[in-house]
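In: Sharing a model prediction with you, sequence too.
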Amino acid sequence: MVQRIWLALPLAVLTIAGARAADLTELRYATAAPEQTPWGVYLKEIVDVAEKTAEGSLKINVFWSSQLGDEQTTLRQVVRGRIDMSGQSNTATSLVVPEIALLAAPYLFENVAQSDCVFDNHVGTIFGPMLADKGLVLLSYVEVGRTSVFSTVPMADPAAARNVKLRVPPTNAMTLFWKEVGAAGVPLGVVDMIPALKTGQVKAIHTTTVYGMAIGLPKLAPFVIYDSVGTHDVGTVTVSKKVWKRLTDKQRQALRVTADYVDDLRRSIRGAETALLAKAEEAGATVMRTTGDARASWRSHAQAAQDALIREIGDTAPPIWQRIIAAKKACTSS
């Protein structure tokens, strides 16, 4: 009898271990962000929080630096449920919900306090249901930061940008702005930017400041024009609706908790912008910050670009635009 008990114990342990393994849900998280960036630090933080909150029932495996494909490709795969979740820029999200490109309209916000308020308090209400209709559950937004132009030629003002072959993010918000300026915009995903620059397909790249610094763009394009487009670029963290339905309430709550940490990334990105711009200058790059008359010259193209963006999206855009404007007013008066 004693011998039978001892023989039964390993089987019992294996059975318990097998049950625990069966209860574990593993998710694949796709991101274009390199691991050694503020987004990498933030993502590790929220993954840790989610896994702990799920009490061992959730494991999130992160695939860095577009390992599963560029942002546009991976987000479409999330919609289909072939990738479980992803974090991506506004540009990629707007290919699924075109109206979200309105948030990247040039010079939309008066200051960062206003934009922070809109994103914290209104964006989820406006765009959450629209993303759900497309098969995505919106967990939160992620701070992407201000954009810069990294150029091989000086571009201090719009006149200097005329006819310059410029990589633009593949979204109408940016394509139309640069069209108004008169640049020769070439829409490209992030994985194609550097090859295009090296082969001369483009002479400049418009991208997120911190991302551009992280991949070493000032070494290839030493003229950096900071915030000429006047956008506060913010991306999304989304889960496939098909995957979401299979999760337990505890696992869903664990993923929802990650939204409480968006301000950590916000502070990190803004600090990184300041530090990296200074570092680029020390290394010999020419950094032009758009202030005063220079900013006014760039901003003079914003209204026409905003109007063109609304027309390009179509009949669904005006009511969403009005909700964004109302959110701005509520944030200004609060």
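Out: Yep, it's here.
In: and Gly81, what is it in contact with?
Out: Gly135, Ser240, Lys241, Lys242, Val243 (Cβ atoms under 8 Å, 6 or more residues apart in numbering). Any C-beta I mention is one placed from the backbone N, CA and C, and that applies to glycine too.
In: Need phi/psi at the nearest residue to the last one once chain neighbours are set aside.
Out: It refers to Val243. Counting by Cβ to Cβ, 6 or more residues apart in numbering, Val243 lies nearest to Asp84, which is 4.8 Å off, once chain neighbours are set aside. According to degrees, to the nearest 10, the main-chain angles of Asp84 amount to phi -80, psi -40.
In: Asp84 against Leu58, yeah?
Out: No: assessed by Cβ atoms under 8 Å, Asp84 is found out of contact with Leu58, at 10.7 Å.
In: Could you pull out the residues contacting both of these two?
Out: Counting by Cβ under 8 Å, 6+ apart, the residues touching both Asp84 and Leu58 are Leu27.
In: What ranges does the stretch 151-300 of the chain have for its strands?
Out: 165-168, 184-187, 204-208, 223-226, 233-240, 286-289 (DSSP state E, counting those that start in this stretch).
In: for the stretch 1-150 of the chain, same thing?
Out: Under the criterion DSSP E, counting those that start in this stretch, strands of the stretch 1-150 of the chain are mapped to 25-31, 58-63, 85-88, 136-145, 147-151.
In: For the longest one, the averaged confidence score.
Out: I take that to be strand 136-145. Taken as a whole, strand 136-145 has a mean pLDDT of 94.
In: Please name the strands paired to that strand in the sheet, noting orientation.
Out: strand 233-240 (antiparallel) (DSSP bridges).
In: The strand it pairs with vs strand 147-151, what angle?
Out: 110 degrees (axes from the mean of the first three to the mean of the last three Cα atoms, to 10 degrees).
In: quick one: strand 233-240 to chain centroid distance?
Out: 6 Å (Cα atoms, centre = their mean, to the nearest Å).
In: Report the inter-axis angle for it versus strand 25-31.
Out: 150 degrees.
In: Quick check: which ranges of the stretch 1-150 of the chain have low pLDDT?
Out: 1-22 (pLDDT under 70).
In: ok, which stretches of it are helices?
Out: 2-23, 38-53, 71-80, 90-94, 112-121, 123-133 (DSSP state H, counting those that start in this stretch).
In: returning to what we had before: which one of the contacts of Gly81 sits closest to Thr231?
Out: Nearest to Thr231 among the contacts of Gly81 is Gly135, at 26.6 Å by Cβ to Cβ.
In: Wait, the closest one touches Val79, no?
Out: Yes: contact criterion Cβ under 8 Å: Gly135 and Val79 qualify, at 4.3 Å.
In: list residues touching both of the two?
Out: In contact with both Gly135 and Val79: Ser240, using Cβ under 8 Å, 6+ apart.
In: will you turn the contacts of Gly81 into CSV that also has distance to Gln67 and neighbour count?
Out: Conversion of the contacts of Gly81 to CSV gives the following (distance: Cβ to Cβ, whole Å; neighbours: other Cβ atoms under 10 Å):
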residue, distance to Gln67, neighbour count
Gly135, 22, 17
Ser240, 18, 23
Lys241, 23, 17
Lys242, 22, 16
Val243, 19, 18
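In: Including distance to Phe127, could those residues go into JSON lines?
Out: Formatted as JSON lines, the contacts of Gly81 follow (distance: Cβ to Cβ, whole Å):
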{"residue": "Gly135", "distance to Phe127": "14"}
{"residue": "Ser240", "distance to Phe127": "17"}
{"residue": "Lys241", "distance to Phe127": "15"}
{"residue": "Lys242", "distance to Phe127": "20"}
{"residue": "Val243", "distance to Phe127": "19"}
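In: From Leu102, how far out is Ala302?
Out: Look at Ala302 and Leu102: by Cβ to Cβ, to the nearest Å, they are 13 Å apart.
In: cool, Ala272 as well?
Out: Remark: distance between Ala272 and Leu102 (Cβ to Cβ) = 26 Å.
In: Looking at those two, which one has more neighbours?
Out: Leu102 (25 against 20; other Cβ atoms under 10 Å).
In: was I right about the more buried one contacting Thr171?
Out: No: if you go by Cβ under 8 Å, Leu102 and Thr171 don't touch, sitting 10.6 Å apart.
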